[in-house]
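Undergrad: Structure, please.
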Amino acid sequence: MSEEQVGIELALDVDGRVRPVGCRVSEALSESTHAVVEIATDEDLPFDEVLGGEASLRISLGDGAERRWTLRVGAVEFSRFEEGTLRYEVHLYDHLWLLRHTRTTRKYRGLSAEQIVSEVLSRHQVAHVWQLSSPTRVREYCVQYEESDFDFVSRLLEFEGIYYAFDEEGVMVLADRSSAADKVAGRSSHFELLDAHGALSRGELGIFAFRRGARLAPGRVTVSDFDWKNPQRSLLTSDSAASHPSLEVYEYPAGFRAQAEGERLARLRLEAHQVRAHIVEGAGNVPTFTPGSRFAFGDAGGAAFEGEYFLVGVEHTARDGSFPRAQGDEEAQYGNTFRALPAATPFRPHPGTPRPTIEGCHTAVVRGPAGAEIHTDRFGRFRAQFHWDREASGTDQDSRWIRLLQESATSMVLARVGWEMRVAYIDGDPDRPVGIARAMNGVMPPAYAQPANKSTMTIKTPSSPATGGFSEIKLDDTAGAMLFSVRAERDYEAEIKHDKVETIGRDETREVGRHLTHTVGRDQSVVIGHDAKEAIGGDRRLEVKGDRTKQVEGSEKVDVGGSVTVSTAKDETEAVGSVRMTFSGGFQMPDLAARGKSVAKGLVPDPKAIGKKAVAAAKSGAQKGAKDGFEAAGGLPSVATAPGGVAGSVLGGAASGALGGVQESLTKSIQGMVPSASGIASKLTGGLSEGVTFGKLADQFLVGSISRTASEKMSRTVGGAFISAGVGNMTTTAGKAYVETVGGVKLTTSLSEGISESIEGQLVVTVGGAVVRSSVGDMTVSSRANRVMVGAALDLTSSKQVHVVSKEIEIVGDALLDVDVSGAGIQLTPAGIQMRGAVQIKSDESVTVTGKTHTLST
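TA: Okay, here's the model as predicted:
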């Protein structure tokens, strides 16, 4: 073919005729196509009209072979004036190249790399077609950050191992399998090595030069990453080539979460490195050589290189043969150089486009569904919308899940909808944000107004849904008023696995609105340096499964407004060094309790003064000593016959009554043990006893009953007087035995009910002084064996009945026994026995009545 048969055509979207003089076109896989065309024109070229416009470039040879490109004008330069024409250089590029002139930040949610790239290309009207062997994975959230659309698309395609080229119509072809590439278009795809000199004139198309070699390249690629949802799982994955596996490239973080994805990524990275290990270069004059197509090469002269190759890059040069400057320059008419790979070697683009890195932090607004105040998942993440997201509509759909850093592995602070959160990025990767802190702003200022509360630190969490309530831990560091405050809007729970030590320098106030439950697994010790006061509005129940010991070094006062019930499952032992007084009910007189205490002190002024003699006499039932004392007094027989009997004398306030005689006679054996009866009544009634009986006073001032129960043994020891008074029933119940020792007087009174003692076993009562019992109801004593020893007088008075029931009854009257039941009764003195009215003494075996002289009168 002649040199005039090489033609170059350039179509520009401008008025006027332009004539191409020559051109140089560079094209390669995953690279921009760049054509530089020298044109001649008679008129000025309007730059504004040309730039960005469509351009069609065509190189044709005389035998019909041609190559065409559809490009865009990227630059125009005036070079010189020659041969009467204006010479310009026009720079043409593929349609993707124009995306280099963009820069933006945006997000893509729930799309694969294929879908994201298609969206970007379509936005710029870049025609494209996909030829993939497998789909790309879906990316939950993908960020294009401060980068051009060209770099963003290139970065995604390189990561996925996808290459691209352009066909004659300018369509971008995206593929991932070079082995499936089409053959070079034209009459043949098999070429031989030709003699370059005069090839075009001879009409021969082929390869003039061919060079093949190898370079050292990494033979092993290892990739890894971290899956925070499965932190124990290793994602370390490798792939190796047949040669040089010791030359390893390790990439972390590689950007994957699944093991299979890691294996694929390691293979793609290794294949990209192996592309550079091969050197296949050549030169020829086949215009249809196109990146992304295959050709075969080899003959007798090139047998060593025989095989099929995959074109990676081609550079075309041509000069129009019809243009005067091209005449005589035959070898410069058309030619190309190319780069290729053995067809068996997969082609992968080199991942050379850098990933954008975010230095520092961003802030983002926490989002959630409409009406939600807290929106999180099982990992405690929050959804956030970034301020740079200009496409966001302010809904949850425009946000992404972000992990929130915690102070420790077990702490949990959840970001709330509307908060402004400070966000950092792992390895600076825009696709890996992590929340680190909350930021104050004009809508959500600090919890306390500043700078007025500049010394206050707080963790304050409002209730959700919003009610106005909140929980808070607050510290006020104001000097002189430092405060540590904890507030729980509803419940407060604290658990301490080991010890707790709490020291309070001054006061403690605790207020419980409803119930308080206090449980101690073992021991509890409470030490109070001064007074203790306890006020209970309702009932109080004390349950002790083991022993209970109460020690009062001073006095103890117990006021019971209603009934008193004491129940003992086994034995009951009571020891009182001085006076024991039990009043059931409330007192209407002023400070009667204090007067009762004064009476008790009067009965036994000093417990230490009682001495061993009084205690021994009480415990041994020293009837003799008591009897001698009464005989010395000489007052009891006359008292017994007087109106009211012993009870009247004891309670009536007469100075010469029984208690006066008891006091006088016992003084000889127990010094100062019992004061005068008038003194007792006067102190108890505050001076009202003159002319008023104790029964009337008690009826006026006392209400309630007294009950004591012991399932087995009950034991009481009182060094002084034993006084029990109540309006209701006076009940004592014991199982095996009841033992009572009273050193002084024992007084038991029920003003409206009865007195009952029920003992399954033995009943033993020893009283050093007088025993006075009075009741309106029945008076009952029931036991298997009953022994009552009274040192002075025994007076039993009941308005109804007195029952003494036992298998064997023995009554010994050394001093005075007076039983009075509504006019009927028994009086036993050393002088004899008198019975009044109908009296019945009943025993299953025998009744024995013993006195000083066995005189019986009825």
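
Undergrad: Okay, now the unreliable bits of the stretch 451-600 of the chain?
TA: Along the stretch 451-600 of the chain, the model assigns pLDDT under 70 to residues 578-579, 581, 583-600.

Undergrad: Tell me the spatial nearest neighbour of Ala242, not counting adjacent residues.
TA: Spatial nearest neighbour of Ala242, chain neighbours left out: Gly219 (7.7 Å); criterion: CB to CB, 6 or more residues apart in numbering. No exception for glycine: its C-beta is placed from N, CA and C like everyone else's.

Undergrad: ugh, wrong one, I meant Arg416
TA: Looking at Arg416 with CB to CB, 6+ apart, the closest residue is Ile374, at 5.4 Å.

Undergrad: tell me the secondary structure for the one you found?
TA: Put simply, Ile374 is coil when judged by DSSP: H, G, I helix; E, B strand; the rest coil.

Undergrad: Wait, it touches Trp419, no?
TA: No - if you go by CB atoms under 8 Å, Ile374 and Trp419 don't touch, sitting 10.2 Å apart.

Undergrad: Which residue of these two possesses the greater neighbour count?
TA: Neighbour totals were compared for Ile374 and Trp419, and Trp419 leads with 20 against 13 (other CB atoms under 10 Å).

Undergrad: ok, now which ones touch the more buried one?
TA: The neighbourhood of Trp419, defined by CB atoms under 8 Å, 6 or more residues apart in numbering, consists of 365-366, 438, 444.

Undergrad: Also His316?
TA: 23-25, 27, 59, 67, 287, 334-336.

Undergrad: That one and Gly22, how far apart?
TA: As judged by CB to CB, to the nearest Å, His316 and Gly22 stand 11 Å apart.

Undergrad: Give me the three-state assignment for Arg378.
TA: Per three-state DSSP, Arg378 ends up coil.

Undergrad: Tell me how far it lies from Ile207.
TA: In terms of CB to CB, Arg378 sits 63 Å off from Ile207.

Undergrad: So between these two, which is more surrounded?
TA: Ranked by neighbour count (other CB under 10 Å), Arg378 and Ile207 place Ile207 first, with 22 against 6.

Undergrad: all helices for this protein, in order.
TA: Counting by DSSP state H, the chain has helices at residues 47-50, 113-123, 149-160, 259-275, 592-603, 607-619, 623-633, 636-641, 645-652, 658-666, 677-685, 694-701.

Undergrad: Give me the longest strand you can find in this structure.
TA: Criterion DSSP state E: the longest strand present in the chain is strand 66-82.

Undergrad: lowest confidence element among the helices and strands of the chain?
TA: When the helices and strands of the chain are scored by mean pLDDT, DSSP states H and E, helix 623-633 comes last with a mean of 38.

Undergrad: got the CA coordinates for the longest strand of the chain in PDB?
TA: Coordinates of each C-alpha in strand 66-82 appear next as PDB, following Å, rounded to 0.1, in the frame of the first residue of the first chain:
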ATOM      1  CA  GLU A  66      -8.900   0.900  10.500                       C
ATOM      2  CA  ARG A  67      -9.200   1.900  14.100                       C
ATOM      3  CA  ARG A  68     -11.600   4.400  15.500                       C
ATOM      4  CA  TRP A  69     -11.900   6.100  18.900                       C
ATOM      5  CA  THR A  70     -14.800   8.100  20.400                       C
ATOM      6  CA  LEU A  71     -13.300  10.600  22.800                       C
ATOM      7  CA  ARG A  72     -13.800  14.000  24.400                       C
ATOM      8  CA  VAL A  73     -11.700  17.200  24.000                       C
ATOM      9  CA  GLY A  74      -9.700  17.800  27.100                       C
ATOM     10  CA  ALA A  75      -7.300  20.500  26.000                       C
ATOM     11  CA  VAL A  76      -6.500  22.600  22.900                       C
ATOM     12  CA  GLU A  77      -3.100  24.400  22.400                       C
ATOM     13  CA  PHE A  78      -1.900  26.700  19.600                       C
ATOM     14  CA  SER A  79       1.600  25.600  18.600                       C
ATOM     15  CA  ARG A  80       2.700  27.600  15.500                       C
ATOM     16  CA  PHE A  81       2.000  29.100  12.100                       C
ATOM     17  CA  GLU A  82       3.400  26.900   9.300                       C
END
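
Undergrad: So for that strand, mean pLDDT?
TA: Confidence for strand 66-82, expressed as mean pLDDT, is 92.

Undergrad: before we move on, back to that, relative to Val413, how far out is the residue nearest to Arg416?
TA: Distance from Ile374 to Val413, by CB to CB: 11 Å.

Undergrad: His498 and Gln524: what is the separation?
TA: Counting by CB to CB, the gap from His498 to Gln524 is 17 Å.

Undergrad: between those two, which one's more packed in?
TA: Taking other CB under 10 Å, His498 and Gln524 do not tie; Gln524 has more neighbours (7 against 4).

Undergrad: How is this structure partitioned into domains?
TA: 220-268, 362-439, 562-586+597-858 (automatic domain parsing).

Undergrad: Where among the ones you listed is average confidence lowest?
TA: domain 562-586+597-858 (a mean of 64).

Undergrad: coming back round to it: wait, doesn't the residue nearest to Ala242 sit right on Ser246?
TA: Yes - under the contact definition of CB under 8 Å, Gly219 touches Ser246, with a separation of 6.9 Å.

Undergrad: okay, the two: which has more neighbours?
TA: Gly219 (20 against 9).

Undergrad: Pull the contacting residues for the more buried one.
TA: 240-248.

Undergrad: 6 Å instead?
TA: 241, 243-245, 247 (CB atoms under 6 Å, 6 or more residues apart in numbering).

Undergrad: show me what contacts Thr290?
TA: Per CB under 6 Å, 6+ apart, neighbours of Thr290: none.

Undergrad: could you redo the last one with a cut-off of 8 Å?
TA: 27, 67, 165, 184-185, 311, 314.

Undergrad: Determine which two of the residues you listed are furthest apart.
TA: Glu27 and Ala185 (14.6 Å; CB to CB).

Undergrad: Which one of these two is surrounded by more residues?
TA: For Glu27 versus Ala185, the count of surrounding residues by other CB under 10 Å is larger for Glu27: 23 against 16.

Undergrad: ok, so what distance separates the more buried one from Val526?
TA: 94 Å.

Undergrad: what does Pro135 give?
TA: The value you get for Pro135 to Val526, if CB to CB is used, is 75 Å.

Undergrad: Looking at those two, which has the bigger crowd around it?
TA: Per other CB under 10 Å, whichever of Pro135 and Val526 has more neighbours is Pro135, with 11 against 5.

Undergrad: Tell me if I'm right that the more buried one and Ala113 touch.
TA: No - counting by CB under 8 Å, Pro135 does not reach Ala113; the two are 9.4 Å apart.

Undergrad: burial measure for the residue lying closest to Asp377 once chain neighbours are set aside, as a count.
TA: Nearest non-adjacent residue to Asp377, counting by CB to CB, 6+ apart: Trp401, 6.7 Å away. Per other CB under 10 Å, the neighbour tally for Trp401 reads 15.

Undergrad: Could you do the one 4 residues further on as well?
TA: Neighbours of Leu405 under the rule other CB under 10 Å: 12.

Undergrad: quick one: it from Pro446, how far?
TA: 21 Å.

Undergrad: List the residues that contact His128.
TA: 117-118, 121, 164, 171-174.

Undergrad: my bad, Val776
TA: Taking CB under 8 Å, 6+ apart, one finds 750-754, 798-800 in contact with Val776.

Undergrad: Just send these back as CSV, with neighbour count too.
TA: Shown next, in CSV, are these (neighbours: other CB atoms under 10 Å):
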residue, neighbour count
Ser750, 29
Leu751, 24
Ser752, 17
Glu753, 17
Gly754, 22
Ser798, 23
Ser799, 15
Lys800, 13
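
Undergrad: any chance of the residues you listed in JSON lines, plus distance to Arg514?
TA: Listed next are those as JSON lines, based on distance: CB to CB, whole Å:
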{"residue": "Ser750", "distance to Arg514": "39"}
{"residue": "Leu751", "distance to Arg514": "40"}
{"residue": "Ser752", "distance to Arg514": "38"}
{"residue": "Glu753", "distance to Arg514": "38"}
{"residue": "Gly754", "distance to Arg514": "41"}
{"residue": "Ser798", "distance to Arg514": "48"}
{"residue": "Ser799", "distance to Arg514": "48"}
{"residue": "Lys800", "distance to Arg514": "48"}
